[in-house]
Every structure is written in C-alpha cells, then in structure tokens.
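[1] Please work out how this folds:
(chains A, B, C and D)
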Number of protein chains: 2
Amino acid sequence: MSKEEPVTLIALARAAGVSKTTASDALRNSGRVSERTRQHVVSVATRLGYSPNPSARSLRRGNTGTIGLHLPEILTRSEYYMSFVFGVVDEAARQDHDVTLITSRRGTFPRVDGVVLGDPLEADSVASSLMTSSAPVVTCERFTGDSEPAGVVRSDHAAMLASLLDHLRSAGARRTALLASSVVTDWGATLQQSYRSWCSASGAPVLLRDLPFGSPASAVQDAVRALLAADVDALVCAPDGSAMAALPVLRAAGRRIGEDLLLASCVDSTPLGHADPPVTAIDLRPREAGTACAKLLFDILTGEAEHGTVREQPIGLVARASTSGHLAPR
Amino acid sequence: MSKEEPVTLIALARAAGVSKTTASDALRNSGRVSERTRQHVVSVATRLGYSPNPSARSLRRGNTGTIGLHLPEILTRSEYYMSFVFGVVDEAARQDHDVTLITSRRGTFPRVDGVVLGDPLEADSVASSLMTSSAPVVTCERFTGDSEPAGVVRSDHAAMLASLLDHLRSAGARRTALLASSVVTDWGATLQQSYRSWCSASGAPVLLRDLPFGSPASAVQDAVRALLAADVDALVCAPDGSAMAALPVLRAAGRRIGEDLLLASCVDSTPLGHADPPVTAIDLRPREAGTACAKLLFDILTGEAEHGTVREQPIGLVARASTSGHLAPR
DNA sequence: ATGAAAGCGCTAACAA
DNA sequence: TTGTTAGCGCTTTCAT
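    The predicted model follows:
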C-alpha cells in the first residue's frame, strides 16, 4: 500500500547493532555467529520485514536461484503440460528455486542456473539454442537433435505401447490401427517404431496414419475416417486429445466402442475417464515426470548426478470400458 | 559445451576499445554515442556473444524485469489456466519481461516488478500476502478479500449466464438447475447470484447445488444425481470439467441430452466440443484474459493506467447440440 | 561524443 | 566470535 523504503541488509544491521556480515551470517545460519546474536538479528529482521534482494545475492554468488522451463508452444494447453509444469515448480520450490517460463517470443533468455525442457521438438529453435547454452539442460524424453542434454528423464513408451497392443489383441482385436504423432519428438518416433515392430512380430497389418504435432481436430477426424475405411477393429490414438476428437467420428460411423471397435489413447486425461464409454489410456504421470526432471537437474547442479545421466520414469496403463468387452464378430 | 568465461561489459568494452559507459550506451541505443561506434560495439558484442547480466542490471536499476504469476493451486491442470498462463507470458515477452510462477510451496516470494493473480481465492494465503506486498497486483476477476488490487480484469459473467439461461428457456427448458462452484471466488459468487435473480425475475424455480472449488468427479456426480431427482430439464455446470463429469451420470439416468435434457457448461474446453452431443458452453477466452491482465499490469507500472483501473474483457457463448433441439415433452 | 567514478545489496576473503 | 573491505556487472551522474 504505502511507499515503503525497502529494508536492506545495512538497515537491518544498523537496527540490530551489528555489522553487515554478522547480520548476513546470522540469517543464513553460517555457524559463524553466536546463538544469542543470531536470535537477536532474526527477531529484528522479522520485525522490520527484511527480505534479501535476490538480484544482489545472485550477482554476488554468480548464480540465479532460478531455473528455466520451456515447453513446445503448440498444444501447450493440455492437461499433460500443465501437470508437468506444476511438478517442476514443486520440486524447484523444495530446492528454494523459482521457475521462469522461457518463450520464443522473447529475444533474450533469462539467466538461469539450469533448464528443464519438456518434450523438446527437433525443430524448436528455442530448444536447440538452450541446448547449446552454458546452463545444464534436462529434457523430458530424448532430444532428437544433435546436441546432448546434461540429463534425460524418459519412460519406456515402446514397452507400454506393446503391452497396450497385447491388451487389445487379447480383447479380440485383429486389425489395430495407430493414429500417430509425427516423428518430431522422440516420443512420437518411439511409438511409431514400437507399433511397427509389434505388428511385424505378431503378423498384424500395419494400419498407420501420421499427424503433425498440434493438428486441429478436423485433421484428426479426417485421419480417423481414413482408418475406418481400412476396416480396423481397434484404434490407438497417440496425440493428446485425439482420442476425444475421434469419438464423434466413430459414433457417426455407427461403431459401438468397446463392442465392435476398441479405442485407446496414448495420453490419459480427465475427460477420457468420463467419456462414453470411458477410454483406456496410458497414464504418463506428467506431474511425477516434471518433478523427476527438476530433481535430476538439481542433482546435476550439485554434482550428485553425472552429466549424461538418464533416469527412467514409470508410466501406467489405465484399462477402461472402451477396451474391456470382447469384440463381437462383425 | 566448454566452460566459457562469461563475457562481461568490461571485456566487451576492452575488446571494442571503448569505455564501459560507451559500450553500455551503444547497446541500449541511448543516443549518446555516434552511429559509427555504436555499430562497431554491436558487432563486437555479437562476435563475442555478449549478453547482459540481468542480476547486475536489476540491482542497478532497482527493478527486476520479471513479473510474477500466481494461480489457485487446486484444479490448475485445466485448459483454462494453461491458456491463461500463455496469454500472460506472451504479453510479458512483448514488454521484455520474464514470468516466474509463484507457489505457496516456496517460503519466500521472488522479487518481481508486479504480479498477476488468476482467479484469486479468498482463502489463498499466497494471494492475500501478495496483495499486501509492495509490488502492484492485477487480478483476473475481483478479489473477494479485504485488500484492493492495483488493477482488475473482469468479464460480465452475470449477463452471460443470464443470456445462457434465456437461451435454455427458449429451447423449452422450464426447470433449469445450476451446479455451482462455491462462493470462494468472485466468479463463483457472481454466477450463483445471477442465477438466483434470473430465476426470481422469470418465475423459475431455484434448483441449485453447490460444490467446493476443486471437487473430485465423484462429488460432481453425486450432485448431478441429486439434481436429477429434483426433476430438472436443463443443467448448467459451473466448475471446470463438471459438465464432462456429469455426462455419464445423465446417460446412466436414461436422459437424452439435447432432447429431454439440455446441458451447458460455464467453462468451455476442447473436449466439450467433441462430446456426444457437443456441449454448449461459455467461452471465457482465457488466453485473451491473460494477455489483458499482463497488459494492464504494465500500463500501471508505466503510469499509463491509474491504480484501481478495472477493465472489461468480452466473453462469448458457444451454442452446441446439447441445447439446440427443442425439448420433447416427457 | 566519450570517459571516470560512484554505488545498487549482498557475500566471501581477510583481519582482529 | 565479530568487523572491515573488496567487488560481483551494470547504469547513472558528473566531468571533459
């Protein structure tokens, strides 16, 4: 409200009758000051409402107390990314760090101690230049460009998709299609590859449509129609939101989901659980992924983890009604 | 890659054969240096890869080049908030500012030039203490606590709900229920009040259930069942996601949505457009709201807008099939 | 048109 | 155990 003079360390020291150094050490528990004076300084500090100036601290220490977070800027509205963000923020807070968002709209990058990159796109210029900057970078999923990040948190999407495909087959599916995401992320590439090798291993036909990352619903729906024309009996949708977008098309085609057509999504979300019928999905545990990325970054910064560390993050399959019933013969 | 010595202004000045001051002025176009030397300094700067140290700059200037953003920490996974965040980040970038997320998990707040508060909850302690801090605060929707923010961006939810209710009545609804959000936000309070006054003005019965902010789907569904038992013919769902959660319950009760029961949501989202049938909703234009909040904050910081400014942000109604057909008599 | 010097608030090295 | 001092990198007087 009122225009208050900010309380500096000097003001605090004067008020407490000690030197700058003592005040500083008292507040930071450096173990240099006597317990008596420490308590005194702390009490004066709270009375005056002192809080240290982070810019000054950063300048002196040569670090920033801040980590950067960059996400692909298309399709960032999704529940997945939002949860991921809060996972990162949470872990950063635990380590007394702030999180600033890094966007391509800004000419210059904020100075940060390290960077978390969610699902880096190969073509993302921000991602590539962050990778070559001096601050260590942890990516969620591998970076498909040239440079190597300092750390990677990844999940076994290949194995998980294979077990989803197994699940569909045991529910009677013989012609399972994959609505894939383009190969611009490691995740997208892994899914396509895993699908193809599963198909060839189990003698199933490859029924694949590929969509650019961030395609609108109409494009998704065209692709679904094309797959339906290829006489599929199960459909796995990779891009976030595409399973929801597929539903009306499947219904319009007269397919009864969970009965004469099985449906699953590679990205779980709340609405999938409320769909009619609820849709089987892979739970990517985005919040945990965010936490894991930030934690790895801090471990690298403190030297507890080596450069080049790769950590595995578990994911899960949520089986729902859309794949539960055995397929009726058509 | 390599451990590069960071390029400081002094190093740059030395390399360019000028003084610190000249280098600084050249890079910031202060109009002090000759065009010739400016060009020279700039070229050396890019060659050396110089970038100014934001901490030093902040310390000297007494500002931070950063704005804070705080969101309610329950239910923050929603598409609404994610879009809002990117609206804020976008406008901040345009003004050469970074955005750091403010969380309650952190003991101390980052120093920022100003703060945007999305949908502040009365009980949110972070929100209240930010309100009383020295940095100016802009809220999206009014703050229902004591203190006044420096600026407010709001929308006319009362009028929009009234026109939604009119829309439902003209589609034949006579007993329209509101599944409300608790009165902890201005938005929640406004909706309830608007509903009540519309009912009394048009002689319609008040059929209202109230849910705490961030209730799980099961609570939503219990409330929907309770409303169904009260013989409603139209249902308006306020909390984000509640309309999706209501759908399975309505179907299980044998209601045909858009035919013998109209359904609408107070918060639009992508899945609502793909639901069966697509669900009518109020489009809150979250990205534009975020942009507007940031813009107002910068206008206040630069003195272009006065303390206490309130700006109106338009919202829209998206009519879909869930309310299109005229109600069949039951 | 340019340079020199002061100093933003803090922490770390050096003294006492 | 505490105080004194230097300096992080930058912008802003003030002087030339």
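
[2] If you rank every helix and strand of chain A by mean pLDDT, what lands last?
    Ranking every helix and strand in chain A by mean pLDDT, DSSP states H and E puts helix A:125-131 at the bottom, with a mean of 88.

[3] Contact partners for A:Leu69?
    Neighbouring residues of A:Leu69 by C-beta atoms under 8 Å, 6 or more residues apart in numbering or on different chains: A:85, A:88, A:99-102, A:115-116, A:118. For the C-beta atoms, the positions are set from N, CA and C on the backbone; glycine is no exception.

[4] bridging residues for it?
    Listed by DSSP bridges, the beta-bridge partners for A:Leu69 are A:Leu101, A:Val116.

[5] Roughly how far does it sit from DNA strand D?
    Going from A:Leu69 to DNA strand D by C-beta to the nearest atom of the strand, to the nearest Å gives 24 Å.

[6] returning to what we had before: which one (most neighbours) among the contacts of A:Leu69?
    A:Val116 (32 neighbours; other C-beta atoms under 10 Å in any protein chain shown).

[7] thought that one was touching A:Ile67?
    Yes: contact criterion C-beta atoms under 8 Å: A:Val116 and A:Ile67 qualify, at 6.4 Å.

[8] tell me how far the ends of stretch A:172-184 are from each other?
    Chord length of stretch A:172-184, first to last residue, is 32 Å (C-alpha to C-alpha, to the nearest Å).

[9] Report the contact partners of the residue of chain A most remote from its centre.
    Within chain A, the residue lying farthest from the chain centre (C-alpha atoms, centre = their mean) is A:Gly17, at 49.1 Å. By C-beta under 8 Å, 6+ apart, the contact list for A:Gly17 is empty.

[10] try A:Gly241
    A:75, A:78, A:217, A:220, A:267, A:269, B:270-271.

[11] In helices, which of those appear?
    Among these, DSSP state H puts A:217, A:220, B:270-271 in helices.

[12] got the CA positions of the host helix or strand of A:Glu288 in PDB?
    Assigned by DSSP states H and E, A:Glu288 belongs to helix A:286-302. In PDB, the C-alpha atoms belonging to helix A:286-302 read as follows (Å, rounded to 0.1, in the frame of the first residue of the first chain):
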ATOM      1  CA  PRO A 286       3.100 -35.900 -16.000                       C
ATOM      2  CA  ARG A 287       3.400 -34.400 -12.600                       C
ATOM      3  CA  GLU A 288       5.900 -37.000 -11.500                       C
ATOM      4  CA  ALA A 289       7.800 -36.500 -14.700                       C
ATOM      5  CA  GLY A 290       8.100 -32.800 -14.000                       C
ATOM      6  CA  THR A 291       9.300 -33.500 -10.500                       C
ATOM      7  CA  ALA A 292      11.800 -36.000 -11.800                       C
ATOM      8  CA  CYS A 293      13.200 -33.600 -14.400                       C
ATOM      9  CA  ALA A 294      13.700 -30.800 -11.800                       C
ATOM     10  CA  LYS A 295      15.200 -33.200  -9.300                       C
ATOM     11  CA  LEU A 296      17.700 -34.500 -11.900                       C
ATOM     12  CA  LEU A 297      18.600 -31.000 -12.800                       C
ATOM     13  CA  PHE A 298      19.400 -30.100  -9.200                       C
ATOM     14  CA  ASP A 299      21.300 -33.400  -8.800                       C
ATOM     15  CA  ILE A 300      23.400 -32.400 -11.700                       C
ATOM     16  CA  LEU A 301      23.900 -28.900 -10.400                       C
ATOM     17  CA  THR A 302      25.100 -30.100  -7.100                       C
END
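
[13] Which elements pack onto that helix?
    helix A:79-94, strand A:114-118, strand A:137-140, strand A:151-154, strand A:309-312 (3 or more C-beta pairs under 8 Å, 6 or more residues apart in numbering or on different chains; DSSP states H and E).

[14] Need the ones you listed in a markdown table (columns: distance to A:Asn29 and mean pLDDT).
    Supplementary listing: the helices and strands packed on helix A:286-302 in a markdown table, determined by distance: least, C-beta to C-beta, whole Å; pLDDT from 0 to 100:
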| stretch | distance to A:Asn29 | mean pLDDT |
| --- | --- | --- |
| helix A:79-94 | 18 | 93 |
| strand A:114-118 | 25 | 95 |
| strand A:137-140 | 29 | 96 |
| strand A:151-154 | 30 | 97 |
| strand A:309-312 | 30 | 97 |
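
[15] A:Arg60 is nearest to which of the ones you listed?
    strand A:114-118 (19.2 Å; C-beta to C-beta).

[16] helices or strands up against that closest one?
    Using 3+ C-beta pairs under 8 Å, 6+ apart: strand A:114-118 touches strand A:66-70, helix A:79-94, helix A:125-131, strand A:137-140, helix A:286-302.

[17] hmm, the shortest one in reach of chain B?
    The reference is to strand A:137-140. No: no part of strand A:137-140 sits near chain B under the criterion C-beta under 8 Å from any C-beta of the partner chain; the closest distance found is 11.6 Å.

[18] Who are the packing partners of that strand?
    For strand A:137-140, the packing partners by 3+ C-beta pairs under 8 Å, 6+ apart come out as strand A:114-118, strand A:151-154, helix A:286-302.

[19] go with 10 Å
    strand A:66-70, helix A:79-94, strand A:114-118, helix A:125-131, strand A:151-154, helix A:186-202, helix A:286-302 (3 or more C-beta pairs under 10 Å, 6 or more residues apart in numbering or on different chains; DSSP states H and E).

[20] just those: most buried one?
    Comparing those by mean neighbour count (mean count of other C-beta atoms under 10 Å in any protein chain shown), strand A:114-118 ranks first with a mean of 26.

[21] Residues of the stretch 1-150 of chain A that sit close to DNA strand C?
    Applying C-beta under 7 Å from any atom of the strand, we find that the stretch 1-150 of chain A lies next to DNA strand C at A:6, A:8-10, A:20-21, A:24, A:27-28, A:30, A:52-53, A:56-57, A:59-61.

[22] Which ones among those residues map onto helices?
    A:9-10, A:20-21, A:24, A:27, A:56-57, A:59-61.

[23] A:Ala234 reaches A:Leu262, doesn't it?
    Yes: the criterion here is C-beta atoms under 10 Å, and A:Ala234 meets it with A:Leu262 at 3.9 Å.

[24] Look at these two and report which has more neighbours.
    A:Leu262 (28 against 25).

[25] Is that one in contact with A:Ser324, as I believe?
    Yes: between A:Leu262 and A:Ser324 there is a contact under C-beta under 10 Å: 8.8 Å.

[26] joint contacts of those two?
    A:167, A:171, A:280 (C-beta atoms under 10 Å, 6 or more residues apart in numbering or on different chains).

[27] how about the nearest residue to A:Ala230, chain neighbours excluded?
    A:Leu207 (5.5 Å; C-beta to C-beta, 6 or more residues apart in numbering or on different chains).

[28] For that neighbour, give me phi and psi.
    phi -120, psi 90 (degrees, to the nearest 10).

[29] quick one, what contacts the closest residue to DNA strand C within the stretch 151-300 of chain A?
    In the stretch 151-300 of chain A, no residue comes nearer to DNA strand C than A:Phe298, which is 17.8 Å away by C-beta to the nearest atom of the strand. By C-beta under 10 Å, 6+ apart, the contact set of A:Phe298 is A:67, A:91-92, A:94-95, A:97, A:113-114, A:138, A:304-305.
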